[in-house]
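Engineer: all I have is the shape, not the residue letters:
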């Protein structure tokens, strides 16, 4: 059954970087002419979405409301809707009948917190062994509200976001981070290029310096194997 996802950022949730991070200490990076803070913030959001997509994760705590369908088993799979791990569950609501106009306010009932627990992967909710209940089969019959993502943002995630933002704003910026080589031709023409980083096995963004920062955070194990 298809699941519906709704979500809003939690109060106080922050981006992986701010304008000051992009400019850096001592005006490390100069904003291109015409760029204002709002433009930089938008560019940061683009870079952040790219990092999320590559890592299949979200590196700041965010409040989400997930509308899920039970399948009659003891696992309610969050990853059918989002790859973000669940930090904590605020509340789970159940409704017997599907109603596209109802937000569980009229017909929903709260599932007792003692009846479930997060799985080790934090990407599914398990029925408690102390209860014989299951996640009742139905269409969009559960609403899970909780905090998803990561409690803290690793420095390398922040740095990767900053570098991708700078490259977005000033194409070619990341060339300076690669190893240069040159070749002279008989007519005096000199060609300058970049050697790929031989130690980097995978290319995720096309920029070796960013790929090296992201490599430890990219999950390579298929998520369906771990409940």
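Structural biologist: Noted; the coordinates are in hand. Computed from a predicted structure; not experimentally measured.
Engineer: can you point out the buried residues in the strand ranked longest in the chain?
Structural biologist: Among the segments of the chain that qualify as a strand by DSSP state E, the longest is strand 86-94. Within strand 86-94, the residues that count as buried by 16 or more other Cβ atoms under 10 Å are 86-87, 89, 92-94. In this view, the C-beta of every residue, glycine as well, is placed from N, C-alpha and C.
Engineer: pull out the buried positions in the longest helix anywhere in the chain.
Structural biologist: The residue-count maximum for a helix in the chain (DSSP state H) belongs to helix 37-55. Buried residues in helix 37-55, counted by 16+ other Cβ under 10 Å: 40, 43-44, 47-48, 50-52, 54-55.
Engineer: and for stretch 92-108?
Structural biologist: So for stretch 92-108, counting by 16+ other Cβ under 10 Å, buried means 92-95, 104, 108.
Engineer: now swap in stretch 155-171 and tell me
Structural biologist: Under 16+ other Cβ under 10 Å, the buried positions of stretch 155-171 are 156-169.
Engineer: other residues contacting that stretch?
Structural biologist: 15-17, 21-22, 24, 29, 31-32, 35, 40, 43-44, 46-48, 50-51, 55, 59, 173-174, 177, 205, 207, 209-210, 213-214, 216-217 (Cβ atoms under 8 Å, 6 or more residues apart in numbering).
Engineer: run the chain-centre distance for that stretch.
Structural biologist: Averaging C-alpha positions (Cα atoms, centre = their mean, to the nearest Å) puts stretch 155-171 15 Å from its chain's average.
Engineer: kindly report the same for stretch 168-181.
Structural biologist: 25 Å.
Engineer: for stretch 43-54, same thing?
Structural biologist: Mean-position distance between stretch 43-54 and its chain equals 8 Å (Cα atoms, centre = their mean).
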